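Undergrad: Give me coordinates for this.
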Amino acid sequence: MRKLFILFFTLFLTANFYAQTHLEVIRASSYYLNAQLDYTAGNYKNALESLLLAEKNLKGKTNRDLEFLKIMTHYQLSNFKQAYHLAKVYFEEGYIERKKSFRNVISYSKANEIDYEEELTAIFVSLEEKSTEKATTNIDAIIENIVTKIIAKKVSFNSYIQSALLSKATEKIDYCLREVSNGTLKRVYENNFLNLTMTPSNKKYSYNYQGTIRGKAIHSSDYKIKVSFIPTKATLTTHQYNYGYKQQDVTFIKGAIAFKKTAYKCYSLTAPKHKTSYFTNFLIKKLQQKTYTKRGTKMYQISFSEKEKEWLQQDANLKKLQISLRSKGLL
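TA: Here you go, the predicted structure:
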């Protein structure tokens, strides 16, 4: 007896859980009416959204009015596989017998004086054939969209250089002087700094650095160098577009170290003096080896969406995109 009572109680709860309230039926009817209006106006996407909301409020108790309009909406949206599946269910699982109506609305069949079964039968074979066709894709439109995205997202050289370029650069030279103090010969260490400041040039990818170096043993000397940058070679895969910028070379323009006193090496009091050309060559080498950006070569990536990746893996689509990018100087 106790088991029987539990069974009836469970069935009662289940029935109530799936039962529709009066307001839910009214709400479903309102969504269905909106779907009819959108479908008639050709707003098929909105119509489908309203039909799904109506279906949600019906709590599984669908009917032929809703199912017919859902089939036709998918059909108009070219969702042929989904439309064909729903049409099969409509005929095979008895939607013809589901006469349950929405509340306070005129059905699509009455409003348009049509017979659902006749309409679906008329398009069934065509729908069946369309459901197995490979969807055609507007290749030119997809390529244009990807190229447009790359152009829009690509960081320009000016934007890169504004955040990457160092405004100042410094190098130094070290040498020793020899002086006599209280009758004793001593070494005097000397550090002289060349402080360079960046100035724009008249070329797009080049910047000048200028500065002056002076010290106890050397004459004041003005230095100038030109730092050039180039875009890295852009590459393309089915997943992303890669590009970047890097420092190309450093051109020495002017500057030389001239001694006004004898400058010695510093490791001992008997160390030899520096050759006249030593510091001139030293600074040229150091300046040409120096990096004038904060992080060296900068690489960027523009990733593709999952659908774009899938499309680029098909046929010769990647090659077609490469051709389009080359024509615009992007590869």
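
Undergrad: Could you use CA atoms for every contact and neighbour count after this?
TA: Will do.

Undergrad: pLDDT value on the residue of the chain positioned farthest from its centre, please?
TA: Distance from the C-alpha centroid of the chain peaks at Gly183, with 73.5 Å (Cα atoms, centre = their mean). Gly183 is assigned 89 on the pLDDT scale.

Undergrad: Then Lys265?
TA: What the model reports for Lys265 is a pLDDT of 95.

Undergrad: Quick check, it in contact with Lys275.
TA: No: contact criterion Cα atoms under 8 Å: Lys265 and Lys275 do not qualify, at 9.9 Å.

Undergrad: Counting neighbours, go ahead and name the busier of these two.
TA: Lys265 (18 against 13; other Cα atoms under 10 Å).

Undergrad: Let me see the domain layout of this structure.
TA: The record's domain parsing of the chain by automatic domain parsing lists 15-131, 147-327.

Undergrad: looking at those, which is buried most?
TA: domain 15-131 (a mean of 17; mean count of other Cα atoms under 10 Å).

Undergrad: so how far is stretch 31-48 off the chain centroid?
TA: Offset of stretch 31-48 from its chain centre (Cα atoms, centre = their mean, to the nearest Å): 35 Å.

Undergrad: For it, give the mean pLDDT please.
TA: Mean per-residue pLDDT for stretch 31-48: 90.

Undergrad: Can you name the residues in contact with that stretch?
TA: Residues outside stretch 31-48 that contact it (Cα atoms under 8 Å, 6 or more residues apart in numbering) are 49-51, 53-54, 66, 69-70, 73-74, 76-77, 105, 108.

Undergrad: just these now: which is nearest Lys246?
TA: Nearest to Lys246 out of the contacts of stretch 31-48 is Leu77 (Cα to Cα; 48.6 Å).

Undergrad: Which residue comes closest to that closest one once chain neighbours are left out?
TA: Tyr44 (6.6 Å; Cα to Cα, 6 or more residues apart in numbering).

Undergrad: so how far is Thr237 from that neighbour?
TA: Tyr44 sits 36 Å away from Thr237, going by Cα to Cα, to the nearest Å.

Undergrad: Same question for Leu312.
TA: Leu312 is 9 Å from Thr237, by Cα to Cα.

Undergrad: need the longest helix for the chain.
TA: helix 22-41 (DSSP state H).

Undergrad: Export only the CA atoms of the host helix or strand of Lys186, formatted as CSV.
TA: According to DSSP states H and E, Lys186 maps onto strand 184-200. C-alpha atoms of strand 184-200 as CSV (Å, rounded to 0.1, in the frame of the first residue of the first chain):
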residue,chain,number,x,y,z
THR,A,184,103.7,59.6,-5.6
LEU,A,185,102.5,58.6,-9.0
LYS,A,186,98.8,57.6,-8.9
ARG,A,187,96.1,56.4,-11.3
VAL,A,188,93.0,58.6,-11.8
TYR,A,189,90.0,56.7,-13.2
GLU,A,190,87.9,58.6,-15.7
ASN,A,191,84.4,57.7,-17.1
ASN,A,192,83.1,59.8,-20.0
PHE,A,193,79.5,59.3,-21.2
LEU,A,194,78.0,59.7,-24.6
ASN,A,195,74.3,60.5,-24.2
LEU,A,196,72.3,60.3,-27.4
THR,A,197,68.9,61.7,-27.9
MET,A,198,66.5,60.4,-30.6
THR,A,199,65.3,62.8,-33.3
PRO,A,200,63.0,62.0,-36.3
